[in-house]
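Chemist: Sequence first, then the predicted structure, then my questions.
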Amino acid sequence: MNRNGYTLIEMLAAVTIFFIATTSLVTFFSGAIEAQRKTLASQELIDNISYSLEYMSRALRMARKDDIDNIHCLTGDRVNYELTVGPGVKFRNYRDYCQEFYLENGRLKEWKDVGGVISDNYLTSENIEVTYFTINSSGWDQNDDEQPKVTIFMEVRGLLTAETSMQPVLKIQTTISQRNPDVRY
């Protein structure tokens with residue numbers, strides 16, 4: 001028999017196979033793109049929070065006891081740290097400047113008084129929301145021989161995408177002890 005074309009059944013089978021193959025590829029690539037977006041959002045979140053925590057840790061580790069040399073950074077006498085509204089922590093840094101880390105509108109912020117010149121700087125980017133931030137003040141007792149320590153609890157969320165399911169969430173806890181010996185005065 002001499003055939004000059006394809007039957008309707010053959011055409012439908014070819015179109016169906018082509019449609020299934022195309023749909024599989026599109027699903028695979030869209031899944032890969034979605035996974036890449038989520039990975040990039042997670043990486044930005046980790047990078048930003050890692051920087052912020054390292055910066056705060058270095059400053060808190062080098063804090064000095066206040067009101068010994070009439071600096072008067074904190075309200076207490078001969079204390080290392082002080083809780084502030086926000087929530088936050090205020091201290092006298094190793095250069096004898098008053099410094100504070102606190103939460104404002106979902107972002108970590110630093111306040112510093114350098115010889116009467118006040119500066120406010122955000123430590124986290126606009127693409128990150130700090131949903132929970134608290135500082136544990138246990139271990140700040142000045143009547144013991146133990147080093148004062150600051151424990152930071154944080155929950156952060158990446159805001160790179162509008163979809164809530166694509167926003168990575170990270171919970172962090174770290175404890176920083178003061179480097180200088182806590183000597184009773």
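Modeler: Received it, and whenever you're ready, just let me know what you need. Numbering: from 1, shown residues only.
Chemist: Show residues contacting the lowest-mean-pLDDT helix or strand in the chain.
Modeler: Taking mean pLDDT, DSSP states H and E as the measure, the helix or strand of the chain with the lowest value is strand 81-84, at a mean of 88. Residues outside strand 81-84 that contact it (CB atoms under 8 Å, 6 or more residues apart in numbering): 60, 63, 74-76, 89-91, 100, 102, 135, 137, 140, 148, 150. Every residue, glycine included, has its C-beta placed from N, CA and C.
Chemist: now for whichever helix or strand comes after it, which elements pack on it?
Modeler: As assigned by DSSP states H and E, the chain's next helix or strand after strand 81-84 is strand 88-92. If you count contacts as 3 or more CB pairs under 8 Å, 6 or more residues apart in numbering; DSSP states H and E, strand 88-92 packs onto helix 8-61, strand 81-84, strand 98-104.
Chemist: and the gap between residue 163 and residue 63?
Modeler: Per CB to CB, to the nearest Å, residue 163 is found 41 Å from residue 63.
Chemist: tell me, what residue is most central in the chain?
Modeler: Using CA atoms, centre = their mean, the residue of the chain that lies closest to the mean C-alpha position is residue 49, 3.0 Å off.
Chemist: Looks like that residue contacts residue 169 (just checking).
Modeler: No: at 11.3 Å, residue 49 does not count as touching residue 169 under the criterion of CB atoms under 8 Å.
Chemist: circling back to that earlier point, in CSV, list the C-alpha atoms belonging to the least confident helix or strand of the chain.
Modeler: What follows is strand 81-84, C-alpha atoms only, in CSV (Å, rounded to 0.1, in the frame of the first residue of the first chain):
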residue,chain,number,x,y,z
TYR,A,81,26.5,45.7,80.0
GLU,A,82,23.1,47.2,80.3
LEU,A,83,19.8,46.1,78.7
THR,A,84,18.0,48.8,76.7
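Chemist: OK, contacts around the closest residue to residue 125 other than its chain neighbours?
Modeler: The shortest distance from residue 125 to any non-neighbouring residue, by CB to CB, 6 or more residues apart in numbering, is to residue 48 (5.4 Å). By CB under 8 Å, 6+ apart, residue 48 lies in contact with 124, 125, 127, 128.
Chemist: Which strand residues bridge the last one?
Modeler: It stands for residue 128. Note on residue 128: beta-bridge partners by DSSP bridges are residue 158.
Chemist: show me what contacts it?
Modeler: Contacts of residue 128 (CB under 8 Å, 6+ apart): 44, 45, 48, 49, 107, 156, 157, 158, 159.
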